[in-house]
Each structure stands twice: as C-alpha cells, then as structure tokens.
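1. Build me a model:
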Amino acid sequence: MEKMSQAMEKMRMLVGIEVEDEQQHADEEESSFAFMDDFNRNCTLSTKQRLYGFAICLVAGLTCTLMSLLVFFNPIKFGVAFTFGNLLSLGSTGFLIGPKRQVNMMLDPVRIYATALYLASILLALLCALYVHNKLLTLVAIILEFGALIWYSMSYIPFARAMISKIMVACFDTEF
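-> Numbering: from 1, shown residues only. Okay, the predicted model is just below:
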C-alpha cells in the first residue's frame with residue numbers, strides 16, 4: 001500500500017497536479033477569476049479520476065481526428081469531425097491541470113496570440129462547415145486550423161516557434 005501511495009504521489013508530480021494546502025486555497029479565493037475559482041472548488045477530482053478523464057478525452061479526440069480522414073473528400077463532415085476531435089484533445093489537458101490553470105496558461109502573454117488564432121480558426125472552420133456549407137471555404141479553414149494547431153502546440157515548447165520561423169525563412173528565401 002505504501003508503494004502505491006508513493007507511485008500516485010510521483011504521478012501527481014509528473015503530470016503537474018499540486019497538492020493543495022491552506023495557503024494555496026486562500027490565494028485562490030482572492031483571485032480575479034471568481035467563476036473559475038468556484039468551478040475548481042466544486043469540481044474536485046481525485047488523481048485517478050483526472051487520469052481517466054484525460055485518457056478518455058484524449059483517445060476520443062484522437063479517434064475523432066483520425067476518423068475524420070475517412071470523410072476527407074466531404075470537407076463539411078471532415079471539418080466538423082476534425083474540429084470536434086481538436087476540441088476534445090484540447091479539453092483533455094483540462095483534466096490534468098485543471099480548467100483554471102489551463103485557461104491561465106492559454107492566456108499567458110507568450111501564447112495569447114497563438115491561442116486566439118487557434119480558437120478563431122476553430123470557430124471559422126465550424127462556421128464554414130455548418131452555416132456556409134461551402135466546401136472550398138471549409139477546406140481553407142481546416143488548413144488554417146491545422147496550421148494554428150501546430151503554432152499553438154509549439155508555444156508550449158521553448159524556442160520551438162523561433163526555430164520553425166528560422167527554418168521557414170531559410171526554406172523560402174529566394175536570394176541566391
């Protein structure tokens with residue numbers, strides 16, 4: 001039983017789940033995100049539940065994303081399935097670190113523009129697929145969404161966006 005407790009503690013540290021103490025709880029009450037504080041306080045999950053929620057959402061998101069390839073030649077269905085898969089995958093990390101911490105990380109000054117571009121491209125893809133019903137616009141929106149997803153994901157890796165920018169400039173530099 002002792003080894004199981006130690007293993008769970010290591011897993012908590014690995015995925016970034018912090019053990020709440022009274023000081024942290026008091027700091028959260030003074031936060032400006034009152035809605036998110038109430039949400040976090042009322043939706044406490046055990047570590048096991050968090051890991052299950054993460055795994056289920058991630059697998060469901062990846063399944064939707066991969067299954068969207070089956071309807072690739074119907075851009076409207078592809079756009080809805082691909083976007084829904086991305087939303088599920090994005091939401092899966094909320095189980096690990098909590099919704100408040102995820103929103104804070106998404107709104108961090110380092111990645112605020114990447115987050116805004118990614119969320120706007122998701123909305124644009126859904127708008128083109130569900131309301132406009134234009135296959136070409138939906139395909140363009142999905143390409144934009146995929147690029148924004150890569151750019152947003154790279155914002156979590158130190159210096160990754162700078163490296164990609166330098167590689168793109170080097171590849172498309174027309175000076176000889």
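2. Okay, now the unreliable bits of this protein?
-> 1, 4, 7-8, 10-43, 176 (pLDDT under 70).
3. longest single helix anywhere in the chain?
-> Longest helix in the chain, counting residues (DSSP state H): helix 75-97.
4. Could you list the buried residues of the helix or strand following that helix?
-> Later in the chain than helix 75-97, the nearest helix or strand by DSSP states H and E is helix 99-106. Within helix 99-106, the residues scored as buried using 16 or more other CB atoms under 10 Å are 99-102, 106. Just so you know, the C-beta spots here come from the backbone N, C-alpha and C atoms, and that holds for glycine as well.
5. following helix 99-106, which helix or strand shows up next?
-> Using DSSP H and E, the first helix or strand after helix 99-106 is helix 112-127.
6. could you check the angle helix 75-97 makes with that next one?
-> Counting by axes from the mean of the first three to the mean of the last three CA atoms, to 10 degrees, helix 112-127 lies at 140 degrees to helix 75-97.
7. Run the angle between helix 112-127 and helix 99-106 for me.
-> Angle, helix 112-127 to helix 99-106, by the same axes, to 10 degrees: 110 degrees.
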